[in-house]
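Colleague: Give me a model of this one.
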Amino acid sequence: MSTAELLKGAAELFPDEVVTSAHVRHLDLPYGAGRFALITLDNGFDHTKPTTFGPASLANLNTAIDQVEKEAAAGEIVGVGVTGKPFIFAVGADLKGVELLKNHDDALAIGKGGHEVFKRLAGIAVPTFAYYNGAAMGGGVEVGLHCEYRTVSKALPAFSLPEVFLGLVPGWGGCTLLPNLIGADKAVSVIIENSLNQNKQLKGQQVFDLGIADAIFEGADFLEQSLIWTAQVLKGDVEVERPVIDRGEAWDQAVAKGRFIADSKVHGAAPAAYRALDIIAAAKNGDLQQGYDAEDLALADLIMGGELRAGIYAFNLVQKRGKRPAGAPDKNLARPVTKVGVVGAGLMASQLALLFLRRLEVPVVLTDIDQERVDKGVGYVHAEIEKLLGKGRINQDKANRLKALVTGVLDKAEGFADADFVIEAVFEEIGVKQQVFAEVEAVAPAHAIFATNTSSLSVSEMASKLKNPERVVGFHFFNPVAILPLLEIVRGEQTDDASLATAFAVAKKLKKTAVLVKDAPAFVVNRILTRFMGEIQNVIDEGTPVAVAEKAVEPLGLPMSPLVLLELVGPAIGLHVSETLNRAFPDRFTVSPNLAAVVKAGKRGFYVYDSGKPELDPEVAALLKQGDVVLTEEQVRERVLDAVAQEIGLMLDEGVVAEAQDIDLCLITGAGWPFHLGGITPYLDREGVSERVTGKRFLEPGAASVPV
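Modeller: The predicted model follows:
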């Protein structure tokens, strides 16, 4: 079957593909280097829309290659280049089409189609060049790897092979060509480590430093400078030298490093990283076709597996639902925010002050009970600004301006008289928070929004003693504030639309993923995690060894074990939330006496790290009082998952969020729940837990799973 026939058949599977064109234009290179063919990838949309590859798009590129291949064979051109529309090179496969595939043969055809087209670039009779002028990901990176030479723009904002992050492998040459270009160690960093590190992106300079690109130029005249460099290469005035690749022990060590990284991130629970590493390991012999065949098979297997479907589901949640929050009121109701007040100057309050300052660039004022605390909070913000300056993230003028915008006062009347938005981050006790808001209401303007960063207390109760309770809204951030994207926006019983709209508008400016949540105990993330952690603690209290309880949930591929997560959150906070939920739902949420003992003893967690890895703290072990009921890993896992499924079912029945998708979005962006799980509900559906516990699936068949 010809490449054109293969792509024509595959195109029938992608009825909604956004088609990328491949325009060929000719130009005369400088220095008399000769006539040159430049292929530009462009999907015809505005410059903010990504250019992707589906079968029809690959067919267009294939047709363009037909043309330049004939011109090269006839001696009419001296070289061929590939570039993208302004600011975007290409961002890979059309995922919308991929998730529609229903059988292994169709999935295999997609892999082969990409390979057949891209390989033709390497086979053209004249040198080929890729000009990474803008964002390049996945297949966009890979089409360039098939070229003989590459340049990159210093202004390039994002470059990656993110497939492993989504549950695939770089399957159009990435796993095979990249290690043969820059060595296995660097390739493992790009393909495995960056992907599993929340899809870390490379900048233009990093792409050049890694050796992926042969030259780097400023963004303003990038294509012009690339063509000048191309002419110099073709005339022999510039010789591109690449390091000799170590195909000995260093290659094997790199693959072993990749397996260690994968084990630490997904614990063997997700196959994509391991399939990619197998291909990289085999690429050591330099047999490209063998690598391409392995990529095709891996792609087909993974496309028909649950991990990719869950990954695409998670990607769509973050990129689409996360940017258009379900249930958010009309944005036109939002009021402007020109000054922010922060009640409290501790670490959390100071982090919030820094975030509001950086994103809104309006005056931010902190208050606390004494001058020392206020000074410490302002000092923290100033120090963080200095760090940004030192890293070159901001210039001196901006640093000075930001520092001048943040102040601290003891008198709330002085600080909040003209504030439009006041957020509290004080001790997690309802009486304290009610008192704070009463004091703020007495001095703040009538239009000001009052936000609480409570993690578990009732927003409605907090507002109940105010004259204007309609302007109180929950604004629950997750620690670390600067990193975790989620913001649970809680509507109290009397919160009005204008206050809620303002909260969502502020969240957008803060660049947070906002999810509307009903005022229910512990909201979403903390409620689910507390039920999850509670069952782990229950089985430990009953007699199951700590190591067995921890290992039981490894197949979920969570970023950290339950007790390491508890250490990150803080045992005291975990205990407080469990006590809150125990009061609300005593039949399902328990308060672990062992956790209470750990908190009373002042321990920061269950583990010590003297050996470099977590080991049960002997002092904690001495505190533990356990029963004689010992469960197996399988029994622990079933019990924990059943509890979580039950809680999610109840939350959906209560209307805590609009749909199961919002629960997944919260766990992905607020708790680092793996993309390859798609959050939690797809996993519970796939494992049959949802139906066993609630009598039905949480998602419709085909959502985060292979279509039926």
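Colleague: Residues in contact with stretch 377-391: which ones?
Modeller: 342, 344-347, 349-350, 353-354, 357, 364, 366, 368, 394-396, 399, 402-403, 406-408 (C-beta atoms under 8 Å, 6 or more residues apart in numbering). Yep, even glycine has a C-beta here, placed from its N, CA and C like the rest.
Colleague: List the buried residues in it.
Modeller: For stretch 377-391, the neighbour count (16 or more other C-beta atoms under 10 Å) marks Gly377, Val378, Tyr380, Val381, Glu384, Ile385, Leu388, Leu389 as buried.
Colleague: Just the buried residues out of the contacts of stretch 377-391, in ChimeraX syntax.
Modeller: Selection of buried members from the contacts of stretch 377-391 for ChimeraX, criterion 16+ other C-beta under 10 Å:
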select :342,344,345,346,349,350,353,354,357,364,366,368,394,399,402,403,406,407,408
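Colleague: Look at Glu470 and say how many residues are nearby.
Modeller: 17 (other C-beta atoms under 10 Å).
Colleague: cool, the one 4 residues further on as well?
Modeller: Counted with other C-beta under 10 Å, residues neighbouring Gly474 total 27.
Colleague: same thing with Leu297?
Modeller: Count around Leu297 with other C-beta under 10 Å applied: 18.
Colleague: if you skip the residues just before and after it, what's nearest to it?
Modeller: Closest residue to Leu297 apart from its sequence neighbours, by C-beta to C-beta, 6 or more residues apart in numbering: Leu108 at 7.4 Å.
Colleague: I'd say the one you found and Asp293 touch.
Modeller: No. Leu108 lies out of contact with Asp293 (C-beta atoms under 8 Å); the separation is 10.5 Å.
Colleague: which one of these two has more residues nearby?
Modeller: Leu108 (19 against 16).
Colleague: what's the spacing between the more buried one and Glu295?
Modeller: 11 Å (C-beta to C-beta, to the nearest Å).
Colleague: and if you look at Arg686?
Modeller: The gap separating Arg686 from Glu295 is 25 Å, by C-beta to C-beta.
Colleague: And the two? Which one has more around it.
Modeller: Glu295 (28 against 19).
Colleague: Please name the residues that touch the more buried one.
Modeller: For Glu295, the contacting residues are Gly111, His115, Val169, Pro170, Gly171, Trp172, Gly173, Gly174, Cys175, Thr176, Ile279, by C-beta under 8 Å, 6+ apart.
Colleague: And the pLDDT for it?
Modeller: If you check Glu295, the pLDDT there is 95.
Colleague: what's the span of stretch 517-534, first residue to last?
Modeller: Taking C-alpha to C-alpha, to the nearest Å, stretch 517-534 runs 22 Å from one end to the other.
Colleague: Contacts for stretch 272-283 next, please.
Modeller: Stretch 272-283 is contacted by residues 163-164, 166-170, 175-176, 179-180, 184, 187-188, 191-192, 195-196, 251-252, 254-255, 258-259, 261-262, 265-266, 268, 290-291, 294-295, 298, 301-302, 307-308, 676 when judged by C-beta under 8 Å, 6+ apart.
Colleague: And the residues you listed, which of them are buried?
Modeller: So, of the contacts of stretch 272-283, 163-164, 166-170, 175-176, 179-180, 184, 187-188, 191-192, 195-196, 251, 254-255, 258-259, 261-262, 265-266, 291, 294-295, 298, 301-302, 307-308, 676 end up buried under the neighbour-count rule (16+ other C-beta under 10 Å).
Colleague: Next step: these restricted to helices.
Modeller: When DSSP state H defines the helices, the subset of those inside them is 163-164, 166, 175-176, 179-180, 184, 187-188, 195-196, 251, 254-255, 258-259, 261-262, 265-266, 291, 294-295, 298, 301-302, 307-308.
Colleague: Give me the below-cutoff pLDDT ranges for the stretch 1-150 of the chain.
Modeller: 1-18, 45-48 (pLDDT under 70).
Colleague: Do a quick rundown of the helices in it.
Modeller: 3-11, 55-73, 95-98, 104-123, 139-145 (DSSP state H, counting those that start in this stretch).
Colleague: Among these, single out whichever gets nearest to Gly32.
Modeller: For the helices of the stretch 1-150 of the chain, the distance to Gly32 is smallest for helix 55-73, at 18.5 Å, taking C-beta to C-beta.
Colleague: So what's the gap between the closest one and the chain middle?
Modeller: Centroid separation for helix 55-73 versus its chain: 35 Å, with C-alpha atoms, centre = their mean, to the nearest Å.
Colleague: And stretch 31-41, by the same measure?
Modeller: Stretch 31-41 sits 38 Å away from the centroid of its parent chain (C-alpha atoms, centre = their mean).
Colleague: just stretch 445-459 next, same as before
Modeller: Taking the mean C-alpha point of stretch 445-459 and that of its whole chain, the gap between them comes to 28 Å (C-alpha atoms, centre = their mean).
Colleague: Then stretch 145-165?
Modeller: Taking C-alpha atoms, centre = their mean, the mean C-alpha location of stretch 145-165 is offset from the chain mean by 19 Å.
Colleague: residues in contact with Ile449?
Modeller: Shown in contact with Ile449 (C-beta under 8 Å, 6+ apart): Arg335, Val337, Asp420, Phe421, Val422, Arg471, Val473, Ser499, Thr502, Ala503.
Colleague: swap in Ala552?
Modeller: By C-beta under 8 Å, 6+ apart, the residues touching Ala552 are Glu633, Glu634, Val636, Arg637, Val640.
Colleague: sorry, back to before: just the buried members of the contacts of Ile449?
Modeller: By neighbour count, with 16+ other C-beta under 10 Å, the contacts of Ile449 hold Arg335, Val337, Asp420, Phe421, Val422, Arg471, Val473, Ser499, Thr502, Ala503 as buried.
Colleague: Present those as a markdown table; the columns should include pLDDT, distance to Val91 and secondary structure.
Modeller: Putting these into a markdown table (pLDDT from 0 to 100; distance: C-beta to C-beta, whole Å; DSSP: H, G, I helix; E, B strand; the rest coil) gives the following:
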| residue | pLDDT | distance to Val91 | secondary structure |
| --- | --- | --- | --- |
| Arg335 | 96 | 37 | coil |
| Val337 | 97 | 34 | coil |
| Asp420 | 96 | 38 | coil |
| Phe421 | 98 | 36 | strand |
| Val422 | 97 | 41 | strand |
| Arg471 | 96 | 42 | helix |
| Val473 | 97 | 36 | strand |
| Ser499 | 97 | 38 | helix |
| Thr502 | 97 | 34 | helix |
| Ala503 | 97 | 32 | helix |
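Colleague: any chance of those residues in CSV, plus distance to Ile216?
Modeller: Formatted as CSV, those follow (distance: C-beta to C-beta, whole Å):
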residue, distance to Ile216
Arg335, 46
Val337, 40
Asp420, 44
Phe421, 43
Val422, 47
Arg471, 52
Val473, 47
Ser499, 49
Thr502, 44
Ala503, 43
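Colleague: Out of those, the closest to Ala314 would be?
Modeller: Among the buried ones among the contacts of Ile449, Ala503 lies closest to Ala314 (C-beta to C-beta), at 25.0 Å.
Colleague: right, and the closest one touches Phe450 too?
Modeller: No. Assessed by C-beta under 8 Å, Ala503 is found out of contact with Phe450, at 10.3 Å.
Colleague: tell me, what's touching these two both at once?
Modeller: By C-beta under 8 Å, 6+ apart, the residues touching both Ala503 and Phe450 are Val473.
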